[in-house]
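Chemist: here is my input; please provide its structure:
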Amino acid sequence: MKVIPASGLLTAIALLCVACPGPQPDPVTATRRTIADIRQACNAYKLDCGTPPTEALGIRALIDSTGTPQWRGPYMQGDLPRDAWGIEFRYRLIDGKPAIDSAGPDGKFGTPDDINGG
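Modeler: I've put the predicted structure just below:
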């Protein structure tokens with residue numbers, strides 16, 4: 001019988017945990033989570049600046065300063081978020097409220113697989 005030192009066993013377990021992080025969310029769920037993160041950042045922006053970002057400023061205003069004195073971001077870290085298929089989100093204002101949408105798996109807005117974040 002071969003005995004494996006405890007430190008070797010722990011190292012092997014740690015490597016397995018890093019190599020196999022566990023189940024990943026499906027693309028639709030991952031995209032909905034990103035939309036929720038963008039919406040939360042829009043709410044923080046609105047608290048500081050008084051209104052959500054304009055359509056012209058878009059999601060970029062959550063990452064880069066808009067020049068508005070009240071801007072206290074960044075409200076999101078990193079580059080512009082993309083959906084699970086690598087497409088930029090569409091940002092619009094509907095009745096003064098942010099609407100964040102994904103084109104879905106086909107990459108085209110206005111088709112049945114779009115993911116609407118309201």
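
Chemist: now the element after the strand or helix carrying residue 98, going C-ward?
Modeler: Secondary-structure element containing residue 98, defined by DSSP states H and E: strand 97-102. Past strand 97-102, heading to the C-terminal end, the next element that is a helix or strand (DSSP H and E) is strand 115-116.

Chemist: got the buried residues for the strand holding residue 98?
Modeler: Burial within strand 97-102, assessed by neighbour count using 16 or more other CB atoms under 10 Å, is assigned to 98, 99, 100, 101, 102. Just so you know, the C-beta spots here come from the backbone N, C-alpha and C atoms, and that holds for glycine as well.

Chemist: now the residue nearest the centre of the chain: closest residue in space that isn't a chain neighbour?
Modeler: With distances taken as CA atoms, centre = their mean, the residue of the chain nearest its centroid is residue 34 (3.0 Å). Spatial nearest neighbour of residue 34, excluding adjacent residues (CB to CB, 6 or more residues apart in numbering): residue 81 at 5.3 Å.

Chemist: low-confidence ranges in this protein?
Modeler: Counting by pLDDT under 70, the chain contains low-confidence residues at 1-22, 118.

Chemist: at 80 what do you get?
Modeler: For the chain, the stretches with pLDDT under 80 are 1-24, 117-118.

Chemist: tell me the buried residues in the helix ranked longest in it?
Modeler: Among the segments of the chain that qualify as a helix by DSSP state H, the longest is helix 27-49. Buried residues in helix 27-49, counting neighbours by 16+ other CB under 10 Å, are found at 31, 32, 34, 35, 38, 39, 41, 42, 45, 46, 49.

Chemist: how about stretch 93-112?
Modeler: Of the residues in stretch 93-112, those buried by neighbour count under the rule 16+ other CB under 10 Å are 98, 99, 100, 101, 102, 103, 104, 105.

Chemist: only C-alpha atoms, please: export it in CSV.
Modeler: Coordinates of the C-alpha atoms in stretch 93-112 are reproduced here as CSV (Å, rounded to 0.1, in the frame of the first residue of the first chain):
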residue,chain,number,x,y,z
LEU,A,93,-34.2,55.0,-22.5
ILE,A,94,-37.9,54.1,-22.5
ASP,A,95,-40.0,56.6,-20.6
GLY,A,96,-36.8,57.8,-19.0
LYS,A,97,-35.8,54.4,-17.7
PRO,A,98,-32.9,52.3,-18.9
ALA,A,99,-33.7,49.4,-21.2
ILE,A,100,-30.8,47.0,-21.6
ASP,A,101,-31.1,44.3,-24.3
SER,A,102,-29.1,41.4,-25.7
ALA,A,103,-29.4,40.3,-29.3
GLY,A,104,-29.4,36.7,-28.1
PRO,A,105,-27.6,33.7,-29.7
ASP,A,106,-28.3,34.8,-33.3
GLY,A,107,-26.6,38.2,-32.7
LYS,A,108,-29.5,40.2,-34.3
PHE,A,109,-31.8,42.6,-32.5
GLY,A,110,-35.5,42.3,-33.2
THR,A,111,-35.7,38.5,-33.4
PRO,A,112,-37.4,36.1,-31.1
